[in-house]
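1. just need the structure, nothing else, for what follows:
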Amino acid sequence: MFDHEVKDIKVYQVLTAALPRGDELKAALQRSNHTWSTSPWLHGVQTESLETFSQKAFSHSSPHDVAQVALAIAATADDASLLRLLGVVDRYIIADDEYLNSLDGIQCAVKQCTLYTKTGNIVRSSHIWRRAIAAQMISLHRTRHSPHSDMLWWQLYTIDRFGNMILNTPYTIADAHCNLDFKQIQGPPLVFDFILRLCQLAGKVIDYLQTRTSELQSLSNKMTQLASSMPASFWGQGPETAMENRRRVGNLLVHMGFYQVDLSLHMPSMLRPRASGHAPRGHALARCIVPARKILLIAKRLDFSPLDPGFRGGFSETGLSAAVVLCLALQGYGGFEYAAVEGGDWGLLDGTVRAYEEKGWTEGWRVSKGLVEMGDTGAGEDLVFSLPFYGKFAVTPADFLPRAGESIVADVDSTPMESWLSV
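-> Numbering: from 1, shown residues only. All right, here's what the predicted structure looks like:
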């Protein structure tokens with residue numbers, strides 16, 4: 001028996017030992033089958049049920065396949081089981097160059113990144129996606145021979161761009177070093193094209209955030225052009241808003257990504273402290289209010305808060321940024337006045353703050369409560385906190401004092417709030 005065969009058997013045994021047994025395993029597979037069948041892009045299987053796939057995995061003694069089963073079960077497991085299964089796959093698949101440097105290994109890495117992000121551990125997720133991109137010797141960034149390999153690469157590319165934007169860190173690999181062509185992928189081609197163009201723009205936004213070049217207006221125009229390239233039905237404004245649930249949810253998550261990029265692009269201009277000599281600009285404030293409001297509305301429409309355990313990490317951080325921006329605007333940050341949507345903005349913000357409290361996220365509650373009190377009274381202590389895309393940030397009572405002669409920021413988006421909520 002060859003050394004690699006002995007290694008495969010040992011790893012297979014460790015992975016299977018980490019899974020539930022008997023009836024518990026059967027119940028776990030049945031519980032996870034819906035997520036498996038509705039997310040084939042995460043595991044590359046288009047038709048097989050999870051139970052069928054697991055039977056083949058156990059009969060073939062394949063470490064990669066058993067790791068896929070473990071991650072599928074982890075996706076619907078309790079927190080303790082989730083972290084335990086992630087740890088086992090981390091140690092025996094992700095940390096092993098031989099296992100990682102294959103399509104099956106990259107597939108495990110993509111799933112691992114997704115699950116770590118859902119637990120709120122986006123830093124650990126970043127270690128995996130960077131390792132998968134930098135360490136892989138199959139050169140997916142340059143050479144791909146199938147739709148499946150194309151899908152795996154674009155998943156890594158998407159995770160890298162959005163993850164690093166959330167962390168406010170440089171991306172792992174530049175576009176200039178990549179083959180950015182993509183083969184036909186199962187799904188709506190127009191939506192995939194939108195996602196890929198959005199990811200490329202996200203990379204340019206990261207460049208802007210890291211260097212603060214003078215490309216803000218150009219990038220802002222490109223974001224507007226990208227949004228205009230999609231039909232009204234994609235944005236939920238046409239007759240197709242009654243589309244089946246899976247497609248609607250998928251589109252709304254893409255919308256969330258778009259508004260995340262838009263918010264991160266304009267936040268630095270909005271949050272300029274007066275002490276720097278650059279007062280917050282009304283235009284930047286208006287450009288931040290729109291994506292901030294829509295991020296929170298989409299979270300509400302999807303019936304999970306920005307801190308839902310299923311969407312922690314990227315979305316929770318984006319939700320905090322959105323709530324802070326909307327709260328600052330409503331309270332008159334920078335001395336500007338903003339005409340709130342009647343009966344909508346305050347209710348949306350109150351619901352978000354309650355979600356922070358109910359989920360026990362003390363930082364989100366502390367920041368939101370402090371901003372409200374400071375805006376109400378014009379007094380109080382300085383509030384210091386960290387924001388994604390921006391870093392450490394301080395708000396003082398003086399930031400809410402009126403600015404004589406400044407224009408009122410109003411009518412930043414004419415779309416009725418009811419139409420967003422009915423998407």
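
2. past the longest helix belonging to the chain, which element shows up next along the chain?
-> Longest helix in the chain, counting residues (DSSP state H): helix 245-270. As assigned by DSSP states H and E, the chain's next helix or strand after helix 245-270 is helix 282-301.

3. what's the angle from the next helix or strand after that following helix to helix 245-270?
-> Using DSSP H and E, the helix or strand that follows helix 282-301 in sequence is helix 314-330. Interaxial angle of helix 314-330 relative to helix 245-270 (axes from the mean of the first three to the mean of the last three Cα atoms, to 10 degrees): 50 degrees.

4. just checking, what packs against the helix or strand where residue 154 lies?
-> Using DSSP H and E, residue 154 sits within helix 147-167. On a contact count with 3 or more Cβ pairs under 8 Å, 6 or more residues apart in numbering; DSSP states H and E, helix 147-167 meets helix 103-118, helix 122-135, helix 189-211, helix 245-270, helix 314-330. C-beta coordinates here come from the backbone N, C-alpha and C atoms, glycine included.

5. buried deepest among these, which one?
-> helix 314-330 (a mean of 25; mean count of other Cβ atoms under 10 Å).

6. what's the first helix or strand after that helix?
-> helix 345-359.

7. contacting residues for the residue nearest to residue 293 when sequence neighbours are not counted?
-> Closest residue to residue 293 apart from its sequence neighbours, by Cβ to Cβ, 6 or more residues apart in numbering: residue 326 at 6.0 Å. Counting by Cβ atoms under 8 Å, 6 or more residues apart in numbering, residue 326 touches 289, 292, 293, 296, 345, 348, 349.

8. where does residue 142 land in three-state SS?
-> Per DSSP: H, G, I helix; E, B strand; the rest coil, the local secondary structure of residue 142 is coil.

9. and the pLDDT at the nearest residue to it once chain neighbours are set aside?
-> Closest residue to residue 142 apart from its sequence neighbours, by Cβ to Cβ, 6+ apart: residue 179 at 5.1 Å. Predicted confidence (pLDDT) for residue 179: 88.

10. for residue 228, same thing?
-> Looking at residue 228, its pLDDT reads 91.

11. try residue 15
-> Per the predicted model, pLDDT is 94 at residue 15.

12. about what we covered before: chain center to the helix holding residue 154: distance?
-> Helix 147-167 sits 11 Å away from the centroid of its parent chain (Cα atoms, centre = their mean, to the nearest Å).

13. quick one, that helix and helix 245-270 angle?
-> 40 degrees.

14. so for helix 147-167, mean pLDDT?
-> Mean pLDDT, computed over helix 147-167, is 87.

15. over to stretch 100-113?
-> Stretch 100-113 comes out at a mean pLDDT of 91.

16. what sits up against it?
-> 42-44, 64-65, 67-68, 71, 86, 89-90, 93-94, 99, 125, 128-129, 131-132, 135-138, 140, 148-149, 152, 155-156, 159, 163.

17. select only the buried ones of these in PyMOL?
-> To isolate the buried ones among those in PyMOL, judged by 16 or more other Cβ atoms under 10 Å, type:
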select buried, resi 42+43+44+64+65+67+68+71+86+89+90+93+94+99+125+128+129+131+132+136+138+140+148+149+152+155+156+159+163
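
18. look at the nearest residue to residue 263 once chain neighbours are set aside and report its pLDDT.
-> The shortest distance from residue 263 to any residue other than its chain neighbours is 4.2 Å, reached at residue 291 (Cβ to Cβ, 6+ apart). With respect to pLDDT, residue 291 scores 89.

19. okay, now residue 291: neighbour count?
-> Counted by other Cβ atoms under 10 Å, the residues lying close to residue 291 total 27.

20. which residues touch it?
-> With Cβ under 8 Å, 6+ apart, residue 291 has these contacts: 258, 259, 260, 262, 263, 266, 322.

21. what's the answer for residue 256, then?
-> Shown in contact with residue 256 (Cβ under 8 Å, 6+ apart): 295, 298, 299, 315, 318.

22. pLDDT-wise, what's the bottom of these?
-> Ranked by pLDDT, the contacts of residue 256 bottom out at residue 315, which scores 44.

23. show me the domain layout of this structure.
-> 3-138, 142-230, 233-421 (automatic domain parsing).

24. lowest mean pLDDT across those, which one is that?
-> Across those, domain 233-421 has the smallest mean pLDDT, namely a mean of 65.

25. Throw the contacts of residue 256 into TSV and include distance to residue 20, thanks.
-> Shown next, in TSV, are the contacts of residue 256 (distance: Cβ to Cβ, whole Å):
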residue	distance to residue 20
295	37
298	35
299	32
315	29
318	34
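
26. wait, which of the residues you listed is closest to residue 17?
-> Set against residue 17, the nearest of these by Cβ to Cβ is residue 315 (33.6 Å).

27. test my guess that residue 159 contacts residue 133.
-> No - with contacts defined as Cβ atoms under 8 Å, residue 159 does not count as touching residue 133, sitting 9.2 Å away.

28. against residue 101, how distant is residue 140?
-> Distance, residue 140 to residue 101, by Cβ to Cβ, to the nearest Å: 10 Å.
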